[in-house]
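[1] Below is the sequence, then the predicted model.
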Amino acid sequence: MAVSTSANAPGSYSARHLQVLEGLEAVRKRPGMYVGSTDSRGLMHCLWEIIDNAVDEALGGHCEHIQVTLHADGSVEVRDDGRGIPVDIEPRTGLSGVEVVFTKLHAGGKFGGGSYAASGGLHGVGASVVNALSERLDVEVDRGGRTYAMSFHRGEPGVFADGAEGPRAEAPFTPYVVGSELRVVGKAKRGVTGTRIRYWADRQIFLPEAHFAHEELVSRARQTSFLVPGLELVVRDERGLPGTPGADGPAQECFKHSGGIGEFCEFLAADNPVTDVWRLQGVGRFHERVPVLDAHGHMTPTDVERECHVDVAVRWGTGYDSRTESFVNIIHTHKGGTHLQGFEQALLKVFRAQLEANARRLKVGGDKVDKDDILAGLTAVVTVRLAEPQFEGQTKEVLGTNAVRAIVARVVEKQLTARLTSTKRDDKTQSSQLLEKVVAEMKSRISARTHKENQRRKNALETSTLPSKLADCRSNDVDRTELFIVEGDSALGTAKLARDSDFQALLPIRGKILNVQKASVGDMLKNAECASIIQVIGAGVGRSFDLGAVRYGKVIIMTDADVDGAHIRTLLLTLFFRYMRPLVEAGRVYAAVPPLHRIEVVNAGAKKNELIYTYSEAQMRATLARLRKSGRSVKEPQRYKGLGEMDAHQLADTTMDRAARTLRRVTLADAEAAERVFDLLMGSDVPPRKDFIVDSAHRLDRERIDA
């Protein structure tokens, strides 16, 4: 009897089916494991790996200047004046230190050898991963009076045959066959050291649309300058990309701060202060067993004593939104970890003890304060520095070192208690105001839970009927429905005829709503326009905002295409950003894009004239030039001053019809940028506004001013 074996049978799976990925092959095969993704996020993660290596030198006191340059050819360059990557021969591999760092996974100076007391790099894979995922990488090192250089193509060392135009990723490449060479390409001035790394990300790995985000890079550089006082970081953009500061030529920004995380905390805070910025600092020690490389090259489990430095900056404001940023060495732990757990644990313990001690004066009663009551209005920066912290994965988003929790909790508890019980006049006043604020938050939360309604939304929000000026839609399907917030009654009349009443609702607002950037919550709720918007959306405000209760799938701001329209849009975005932020985070807030011009092309005979809509002056001029060049007859373009000037079918065809319109989705970054600009132009501080006007006067285009 013959027995057949299928390819899928269990017996057909043997050792010969296993693949062993060696060296950098594993990185190229599974890049997501090392950099998270192959989109813009992964591309930026590679850049952070190189920048963080330079910042680690600054943490050790060996580097004062770092420059990041985004070149026009798509490459990126990072320069630092640190000690320079070692260029001598590493005895176990027989390779130069430069080649070991860029070609060997888990190789570096951060495994407890004494080179770095605290660093952002830990796993020894950052530089080698970037090299593996780069079409070309060039490194130059100034060390010992010489300049050394080495180049790599997708992780393989060799030589590029560059022409007169300079280094290019597509230049002919010759790999080393027998041995590799760290070339000496020049002399360095006496005492000058540093590293220059320039690389071209491999488009075989990363998605075509992946790009370096200028704003994200600038934000990270600013953040790092706060975390490492005295370090100067320069970001230079030479790409000339539209929509970036370097669109009209190379743009450069420099960051250097001496105030540390206290200055960072003040920068992050958006509301008026209840307390000054308080610094809570201390040191704790703990023991852990880690494998240590001995003199024979073997990993031996060894008990070591670690030192953990805790530095926390806290500041409470009058608002109720909270923002806490946490860092380990220089690494931003987006998802927290044990240090953040220890911080919040200490906050709760300290405030419960203080409220119990002052229960009679504050009229606390038998209620217990909750963590959210304490976090309301809090801006905090929590940093710890320690050698070899344990992270969850190469992306380092969560700290896992368990002993850090207790150390942070002890430091924060001791320092914060001392601050809250201080007998100094200023500290005593601020502590009293802070405890009263926490008690008020607690009572507000309890009242909201009891009455099913937050106290902040009483008054206009308690009415059960919707505003009479709302032109609601018929559909109850939230995913389909859209709320258009329309500027003015004249635009409302046209929009009513242009909309699809089955799923499109209209809410007109009269002029410019209240500037909620400066107004209190009570003033905001008393404002008729703000109260109408909150009531129609139907999900509350602030901490009580319930995204699941929103009545419409999209909220679309539709204002005139002029300066006033942009102003009203910014005011509305500020309202959404400050009091309905989950709606923005969910990507459900949009800005309509009405046309600026209508061009009528005259057709011969009885054929109907063709209408073309343009959305900018440049597009209008280009369209006219193209039509005239082709011999078409064109009437004088019509400039729309407002939505009310359009006929219903024109508004529908250009702005409201799903098949033809353009919508701009408002992201959290957009809202934050709008709020910063609005705070600059309309806030309480006059000197920054005056400086902005003086500095920006030369960029004014008189033709763009509506008259």
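    Received, thanks.
[2] and the next element down the chain from the longest helix that the chain contains?
    In the chain, taking DSSP state H as the definition, the longest helix is helix 425-451. Downstream of helix 425-451, the first helix or strand assigned by DSSP states H and E is strand 482-487.
[3] Show me what the next helix or strand after that next one is in contact with.
    Downstream of strand 482-487, the next assigned helix or strand under DSSP H and E is helix 489-498. Under the contact criterion CB atoms under 8 Å, 6 or more residues apart in numbering, helix 489-498 has outside partners 469, 471, 484, 486, 506, 508, 510, 558, 560, 642-644, 646-649, 651-652, 655-656. The C-beta positions use only the backbone N, C-alpha and C, and glycine is treated the same way.
[4] What about those residues, which are in helices?
    648-649, 651.
[5] State the distance from Ala270 to Val290.
    Plainly put, Ala270 is 41 Å away from Val290 if you go by CB to CB, to the nearest Å.
[6] who are the neighbours in contact with Val159?
    Contacts of Val159 (CB under 8 Å, 6+ apart): 151, 173-174, 176.
[7] Among these, which one has the most neighbours?
    The most crowded member of the contacts of Val159, judged by other CB atoms under 10 Å, is Ser151 (20 neighbours).
[8] Now the helix or strand hosting it - C-alpha only, PDB.
    Using DSSP H and E, Ser151 sits within strand 146-153. Provided in PDB are the C-alpha atoms of strand 146-153 (Å, rounded to 0.1, in the frame of the first residue of the first chain):
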ATOM      1  CA  ARG A 146      42.500  63.300  12.200                       C
ATOM      2  CA  THR A 147      39.300  63.000  10.300                       C
ATOM      3  CA  TYR A 148      38.200  59.400   9.600                       C
ATOM      4  CA  ALA A 149      35.400  58.400   7.100                       C
ATOM      5  CA  MET A 150      33.500  55.300   6.200                       C
ATOM      6  CA  SER A 151      30.500  54.700   3.900                       C
ATOM      7  CA  PHE A 152      27.800  52.000   3.800                       C
ATOM      8  CA  HIS A 153      25.300  50.700   1.300                       C
END
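[9] What strands line up against it, and which way round?
    strand 134-143 (antiparallel), strand 156-160 (antiparallel), strand 183-187 (antiparallel) (DSSP bridges).
[10] List the residues that contact the nearest residue to Lys371 once chain neighbours are set aside.
    Nearest residue to Lys371, sequence neighbours excluded (CB to CB, 6 or more residues apart in numbering): Leu348, at 5.5 Å. Neighbour list for Leu348: 369, 371, 374 [criterion: CB under 8 Å, 6+ apart].
[11] are any of the residues you listed buried, and which?
    369, 374 (16 or more other CB atoms under 10 Å).
[12] Pick the one among the contacts of Leu348 closest to Trp200.
    Of all the contacts of Leu348, Trp200 sits closest to Lys371, with 47.1 Å by CB to CB.
[13] longest strand in the protein, by residue count?
    strand 299-316 (DSSP state E).
[14] Return the set of buried residues in the very next helix or strand once past it.
    Going down the chain from strand 299-316, the next helix or strand is strand 323-328, by DSSP H and E. By 16+ other CB under 10 Å, the buried positions in strand 323-328 come out as 324-328.
[15] any idea which of those residues is closest to Gly243?
    Checking the buried residues of strand 323-328 one by one against Gly243 (CB to CB), the nearest turns out to be Glu325, at 26.9 Å.
[16] show me the contacts for that closest one.
    Counting by CB under 8 Å, 6+ apart, Glu325 touches 264, 268, 332, 380-382.
[17] partner residues bridging it?
    So, taking DSSP bridges as the rule, Glu325 has Val381 as bridge partners.
[18] Against Asp52, how distant is it?
    16 Å.
[19] Give me the phi and psi angles of Leu347.
    The phi and psi values for Leu347, taken as degrees, to the nearest 10, are phi -60, psi -50.
[20] Now for it, how many residues are close by?
    21.
[21] show me what contacts it?
    Taking CB under 8 Å, 6+ apart, one finds 371, 374-375, 412, 416 in contact with Leu347.
[22] how about 10 Å then?
    Residues in contact with Leu347 (CB atoms under 10 Å, 6 or more residues apart in numbering) are 314, 369, 371, 374-375, 378, 380, 409, 412-413, 416.
[23] How about His649?
    His649 neighbours (CB under 10 Å, 6+ apart): 494, 497-498, 657.
[24] List only those of the residues you listed flagged as buried.
    494, 498.
[25] Over to Tyr199. Which of the three states is it?
    At Tyr199 the chain is in strand, as set by DSSP: H, G, I helix; E, B strand; the rest coil.
[26] you'd agree it is up against Asn131?
    Yes - Tyr199 lies in contact with Asn131 (CB atoms under 10 Å); the separation is 7.4 Å.
[27] Overlap of the contact sets of these two?
    With CB under 10 Å, 6+ apart, Tyr199 and Asn131 have common neighbours 46, 50, 137, 139, 152.
[28] Mind putting these into CSV with pLDDT?
    Output for those, formatted as CSV (pLDDT from 0 to 100):
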residue, pLDDT
Cys46, 91
Ile50, 92
Leu137, 95
Val139, 96
Phe152, 93
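[29] between the residues you listed, which is closest to Leu575?
    For the shared contacts of Tyr199 and Asn131, with Leu575 as the reference and CB to CB as the criterion, the closest is Cys46, at 37.9 Å.
[30] Can you give me the neighbour number for the closest residue in space to that closest one that isn't next to it in sequence?
    Excluding the flanking residues, the one nearest Cys46 by CB to CB, 6+ apart is Val130, at 4.6 Å. Applying other CB under 10 Å, we find 27 residues neighbouring Val130.
[31] for Gln341, same thing?
    18.
[32] which ones are touching it?
    326, 399, 402, 404-406, 408-409.
[33] Make a PyMOL selection of whichever of these turn out to be buried.
    Filtering these down to the buried ones (16+ other CB under 10 Å) takes a single PyMOL command:
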select buried, resi 326+399+404+405+406+408+409
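[34] residue closest to the middle of the protein?
    Most central in the chain under CA atoms, centre = their mean is Glu216, positioned 5.6 Å from the mean C-alpha point.
[35] Would you mark the buried spots in the helix or strand that it is a member of?
    Assigned by DSSP H and E, Glu216 belongs to helix 214-227. Within helix 214-227, the residues scored as buried using 16+ other CB under 10 Å are 214, 217-218, 220-227.
[36] need those residues in a markdown table with pLDDT, can you?
    Below are those laid out as a markdown table (pLDDT from 0 to 100):
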| residue | pLDDT |
| --- | --- |
| His214 | 91 |
| Leu217 | 93 |
| Val218 | 93 |
| Arg220 | 90 |
| Ala221 | 93 |
| Arg222 | 93 |
| Gln223 | 92 |
| Thr224 | 92 |
| Ser225 | 94 |
| Phe226 | 93 |
| Leu227 | 92 |
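[37] which among those residues gets closest to Ala359?
    Phe226 (38.2 Å).
[38] nearest residue to that closest one other than its sequence neighbours?
    Of all residues not flanking Phe226 in the chain, Phe264 sits nearest, at 3.5 Å (CB to CB, 6+ apart).
[39] host element of that neighbour?
    helix 260-268.
[40] how far out from the middle of the chain is that helix?
    Centroid displacement of helix 260-268 relative to its chain, using CA atoms, centre = their mean, to the nearest Å, is 17 Å.
[41] Kindly report the same for stretch 169-186.
    38 Å.
[42] in it, what counts as buried?
    169, 171, 173, 180, 182.
[43] For Ala210, state which of the residues you listed is nearest.
    Ala169 (15.2 Å).
[44] Am I right that that closest one sits in a helix?
    No - when classified by three-state DSSP, Ala169 is found to be coil rather than part of a helix.
[45] Okay, it and Ala201: tell me how far apart.
    Taken as CB to CB, the span from Ala169 to Ala201 is 9 Å.
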